[in-house]
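1. next comes the sequence, and after it the predicted model I'd like to discuss.
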Amino acid sequence: MQIDTFRDIIHWTRAYHQQLAESLKHSSAAHQNERARMLLDYLSEHETKLAEAVRAFEESDNLNALDTWIMEYLNKTPIKPIAEINAPFSTLSTEEIINSIETEHGKIIDLYRFLAGRAVATPAVDLLEELAALEEHEAMRLARASGSLDDI
């Protein structure tokens, strides 16, 4: 995917979360451990909801922010192709699954923070900070919910 503007980065993020949701769902069907299947199903639903939340940012009326060019920033922080997220979740333990998803969310948060630190346009910075906050909130919620898996 060609990433030229903030709109593109938001579209990529939504697609990334949706692809991750599909990969988690597919892995759930193949996993041998019941707790891991429950976790993978939960994570899949979570990623689908997160993709929908990001979609709202794509439909923002803040055209100044969405149409801001960012190509020069991405040369130093390349974006992982969506095809690379098809991790073999079906072979991981619940702890490894959680760590993997937390790492993926951390990379997206880092990307948003990196771009916000270099953007000049205030609307673009505000948009990136909102997206980073959404990702951080969802990562914390995910960690809490995943931690309660031990109670089951």
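-> Structure received.

2. tell me the helix or strand right after the lowest-mean-pLDDT helix or strand in the chain.
-> In the chain, the helix or strand scored least confidently by mean pLDDT, DSSP states H and E is helix 71-74, which has a mean of 60. On the C-terminal side of helix 71-74, the nearest following helix or strand under DSSP states H and E is helix 94-118.

3. other SSEs contacting that following helix?
-> helix 6-30, helix 34-58, helix 71-74, helix 122-147 (3 or more Cβ pairs under 8 Å, 6 or more residues apart in numbering; DSSP states H and E). In short, each C-beta sits where N, CA and C put it, glycine included.

4. and that helix, which residues are buried?
-> By neighbour count with 16 or more other Cβ atoms under 10 Å, helix 94-118 contains the buried residues 94, 97-98, 100-101, 104-105, 108-109, 111-116.

5. please report the distance of His137 from His26.
-> 26 Å (Cβ to Cβ, to the nearest Å).

6. now tabulate the helices and strands packed on helix 94-118 in a markdown table and tack on distance to Ala65 and mean neighbour count.
-> Putting the helices and strands packed on helix 94-118 into a markdown table (distance: least, Cβ to Cβ, whole Å; neighbours: other Cβ atoms under 10 Å) gives the following:
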| stretch | distance to Ala65 | mean neighbour count |
| --- | --- | --- |
| helix 6-30 | 6 | 20 |
| helix 34-58 | 9 | 18 |
| helix 71-74 | 14 | 13 |
| helix 122-147 | 4 | 17 |
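
7. can you tell me which of those the model trusts least?
-> For these, mean pLDDT drops lowest on helix 71-74, to a mean of 60.
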